[in-house]
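Novice: Build me a model from this:
(chains A and B)
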Amino acid sequence: EPEVTQTPSHQVTQMGQEVILRCVPISNHLYFYWYRQILGQKVEFLVSFYNNEISEKSEIFDDQFSVERPDGSNFTLKIRSTKLEDSAMYFCASNPMGLNYNEQFFGPGTRLTVL
Amino acid sequence: AQTVTQSQPEMSVQEAETVTLSCTYDTSESDYYLFWYKQPPSRQMILVIRQEAYKQQNATENRFSVNFQKAAKSFSLKISDSQLGDAAMYFCAYRSPTSGTYKYIFGTGTRLKVLA
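Specialist: Reported below is the predicted structural model:
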């Protein structure tokens, strides 16, 4: 069964460094998402992406964040200059288009640790 | 804005027993979707069960069922005949019908432990 995959599973970085988190959504899906979960807190929506552009973003998704689908299979989240508070689990998700397809399929997450 | 609350950070259940995980939400919308996702350790979240708000009948999937109380804005998950493999984090999620991006709003999760 097709799955969403994410790499790396754990990323450790120094404050101020750039990181790129990678996701491979399910191939025939059209909507893509990034969520994050700070330890012990709720899973929060960051951004959704459709038709090669951002369709919605939360207030968390500021100028330090960007997303890209560079080659039709990967979906990346870039954080330009990481802060300590960016330490969290980052989940990628995808779903097909259409009201009948309201289920999102999630990847296993990338744990980002900013030192 | 919609919010989702899971008031039980952790629950324990004896194997073969029944457990209920609670979820409440706040919304002014009348039509929406609710979900329970399971996240085993170091694994991705997988859908356990979904409920469309316009359906009065509670959703059921094998040993998993929900008690959907629309007026009370409550959406609890009942796991019957609990198995060791049910041990995981369980997340309740809300999806607005007016969000063209189908984004989810999650609760903080409930960690379920199953005791042998």
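
Novice: Next, find the distance separating the spatially most central residue of chain A from A:Ser66.
Specialist: A centroid search over chain A (C-alpha atoms, centre = their mean) returns A:Trp34, at 3.0 Å, as the residue closest to the centre. Between A:Trp34 and A:Ser66 the distance is 11 Å, computed by C-beta to C-beta, to the nearest Å. Just so you know, the C-beta spots here come from the backbone N, C-alpha and C atoms, and that holds for glycine as well.

Novice: Which neighbours do these two have in common?
Specialist: Counting by C-beta atoms under 8 Å, 6 or more residues apart in numbering or on different chains, the contacts common to A:Trp34 and A:Ser66 are A:Leu77.

Novice: Show the contacting residues for residue 13.
Specialist: I'll assume chain A. Going by C-beta under 8 Å, 6+ apart, A:Thr13 touches A:Val19, A:Thr82, A:Leu112, A:Thr113, A:Val114, A:Leu115.

Novice: looking at chain B here, not the other one
Specialist: B:Val19, B:Ile79, B:Ser82, B:Asp86, B:Leu112, B:Lys113, B:Val114, B:Leu115.

Novice: Between the residues you listed, identify the one with the most neighbours.
Specialist: The residue in the contacts of B:Val13 with the most neighbours, by other C-beta atoms under 10 Å in any protein chain shown, is B:Ile79 (24 neighbours).

Novice: which residues does the residue minimising distance to the centre of chain B bridge with?
Specialist: Nearest to the geometric centre of chain B sits B:Trp36, at 3.1 Å (C-alpha atoms, centre = their mean). Under the criterion DSSP bridges, B:Trp36 forms beta bridges with B:Ile49, B:Cys92.

Novice: In the contacts of B:Val13, find the pair that's most separated.
Specialist: B:Ile79 and B:Leu115 (13.5 Å; C-beta to C-beta).

Novice: coming back round to it: so is the helix or strand in which the residue nearest to the centre of chain A is found next to chain B?
Specialist: Following DSSP states H and E, one finds A:Trp34 within strand A:31-37. Yes: counting by C-beta under 8 Å from any C-beta of the partner chain, chain B is contacted by strand A:31-37 at A:Tyr31, A:Tyr33, A:Tyr35.

Novice: Just name the closest of those residues to A:Lys42, please.
Specialist: Among these, and counting by C-beta to C-beta, the member closest to A:Lys42 is A:Tyr35, at 9.7 Å.

Novice: Now do the closest residue to the closest one other than its chain neighbours: how many residues are near it, please.
Specialist: Using C-beta to C-beta, 6 or more residues apart in numbering or on different chains and skipping the chain neighbours, the partner closest in space to A:Tyr35 is A:Phe91 (4.5 Å). By other C-beta under 10 Å, 27 other residues sit near A:Phe91.

Novice: A:Leu46 too?
Specialist: 21.

Novice: Please list the residues of chain A that sit near chain B.
Specialist: Of all the residues in chain A, those lying near chain B are A:3-4, A:9, A:31, A:33, A:35, A:40-45, A:48, A:50, A:55-56, A:91, A:95, A:102-104, A:106-109, going by C-beta under 8 Å from any C-beta.

Novice: List the residues that contact residue 36.
Specialist: Using chain A. A:Val43, A:Glu44, A:Leu46, A:Ile60, A:Ala88, A:Met89, A:Tyr90, A:Phe91.

Novice: Not quite, go with chain B.
Specialist: Contacts of B:Trp36 (C-beta under 8 Å, 6+ apart): B:21, B:23, B:47-50, B:64, B:66, B:75, B:77, B:90-93.
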